[in-house]
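Peer 1: this one's structure only:
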């Protein structure tokens with residue numbers, strides 16, 4: 001098959017492309033590298049700034065590129081908001097791609113009108129980005145930005161048009177599956193995140209004298225992702241157990257540097273409001289690094305995993321993060337088994353070639 005993957009979040013499309021290529025398919029990845037993260041791509045489509053002049057040059061780039069984005073068996077967009085243009089302009093690009101390619105899919109991989117609407121009105125989960133129990137998080141700046149961006153706006157109208165029109169919607173997390181299947185039950189399917197496992201993983205340390213904890217920070221989205229709460233808990237534990245814990249912090253660094261900083265760590269703290277591990281968490285787990293974050297029972301149920309429990313799950317509170325991290329620091333004898341389980345978990349459910357096969361099966365249904 002000839003496949004176009006357009007847009008990027010968290011290295012998802014770049015990793016999926018590698019799996020598809022190993023299965024014999026021709027794949028083109030077009031993206032801006034997900035901004036400062038600088039993930040791999042075949043064609044770079046980057047906007048210089050938010051200025052009007054930059055927008056004009058960017059639009060010209062898009063128009064010049066479009067003739068090269070024809071004749072694909074599958075086009076998958078990372079999100080309805082897949083390039084740096086207003087929704088009404090993206091709609092013309094979407095229509096062009098629809099006319100000149102066989103099938104088009106849009107990922108349930110991030111925020112759009114459906115994610116915001118479900119968070120505000122449907123209460124499908126016990127907690128989420130927009131609420132915890134009965135408490136709404138609509139005053140949080142990033143959440144307010146998303147509400148203003150998608151709800152009762154031309155961009156929200158555009159989103160509903162293209163999601164209704166597209167052939168299918170792959171969902172990469174349990175919570176996305178719950179959300180989008182409530183709107184599009186027939187064409188939403190959960191497919192795990194793809195991870196390229198390293199040849200060697202961090203399993204040689206049996207019981208470390210000092211637990212090294214890795215913390216990746218996207219400065220622009222700290223409160224939205226709960227990073228501010230998790231960081232405060234981690235710093236408090238580090239200060240309490242100075243001889244037993246070390247904290248490594250990567251703050252908005254490119255992907256290659258992020259991976260280098262992660263090497264040699266024992267645990268990663270990530271995603272306070274998630275039910276499932278993210279790409280960053282899974283990448284760490286593939287290296288034998290324990291995830292402290294999203295590992296709710298629903299996460300294991302959706303992948304039919306009844307044996308492994310490698311993730312140290314936390315509830316969306318400071319107290320929960322503090323308690324679970326303290327227990328790991330006080331009981332480092334747990335670390336070797338959790339490391340081995342982490343690697344096996346990724347191998348079973350997230351190997352990039354296995355995930356690529358699941359995408360092919362999904363796309364071939366249409």
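Peer 2: Structure received. The model shown is predicted, which means the values in this text are computed figures rather than measured ones.

Peer 1: Report the residue spans of the stretch 201-350 of the chain with pLDDT below the cut-off.
Peer 2: Within the stretch 201-350 of the chain, the stretches with pLDDT under 70 are 201-207.

Peer 1: For it, which segments are assigned as strands?
Peer 2: For the stretch 201-350 of the chain, the strands defined by DSSP state E, counting those that start in this stretch occupy 211-217, 245-251, 267-270, 290-293, 312-313.

Peer 1: How about the contacts made by the nearest residue to residue 237 once chain neighbours are set aside?
Peer 2: In space, not counting the residues next to it along the chain, residue 237 is nearest to residue 325; the distance is 4.9 Å by Cβ to Cβ, 6 or more residues apart in numbering. Where C-beta positions appear, they are placed from N, C-alpha and C, glycine not excepted. By Cβ atoms under 8 Å, 6 or more residues apart in numbering, the residues touching residue 325 are 213, 233, 234, 237, 267, 269, 292.

Peer 1: quick one on the thing from earlier: just send the strands of the stretch 201-350 of the chain back as a markdown table, with distance to residue 9 and mean neighbour count too.
Peer 2: Formatted as a markdown table, the strands of the stretch 201-350 of the chain follow (distance: least, Cβ to Cβ, whole Å; neighbours: other Cβ atoms under 10 Å):
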| stretch | distance to residue 9 | mean neighbour count |
| --- | --- | --- |
| strand 211-217 | 15 | 21 |
| strand 245-251 | 18 | 16 |
| strand 267-270 | 15 | 26 |
| strand 290-293 | 17 | 27 |
| strand 312-313 | 23 | 18 |
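
Peer 1: Could you dump the ones you listed into TSV with distance to residue 61 added?
Peer 2: Listed next are those as TSV, based on distance: least, Cβ to Cβ, whole Å:
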stretch	distance to residue 61
strand 211-217	30
strand 245-251	30
strand 267-270	34
strand 290-293	37
strand 312-313	44
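
Peer 1: before we move on, back to that, out of the contacts of residue 325, the closest to residue 48 would be?
Peer 2: Comparing these against residue 48 with Cβ to Cβ places residue 269 closest, at 34.0 Å.

Peer 1: could the contacts of residue 325 be laid out in JSON lines, adding distance to residue 93?
Peer 2: Converted to JSON lines, these look like this (distance: Cβ to Cβ, whole Å):
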{"residue": "213", "distance to residue 93": "43"}
{"residue": "233", "distance to residue 93": "43"}
{"residue": "234", "distance to residue 93": "42"}
{"residue": "237", "distance to residue 93": "47"}
{"residue": "267", "distance to residue 93": "42"}
{"residue": "269", "distance to residue 93": "38"}
{"residue": "292", "distance to residue 93": "40"}
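
Peer 1: From those residues, pick the one nearest residue 334.
Peer 2: Nearest to residue 334 among the contacts of residue 325, with distances taken as Cβ to Cβ, is residue 267, at 10.4 Å.
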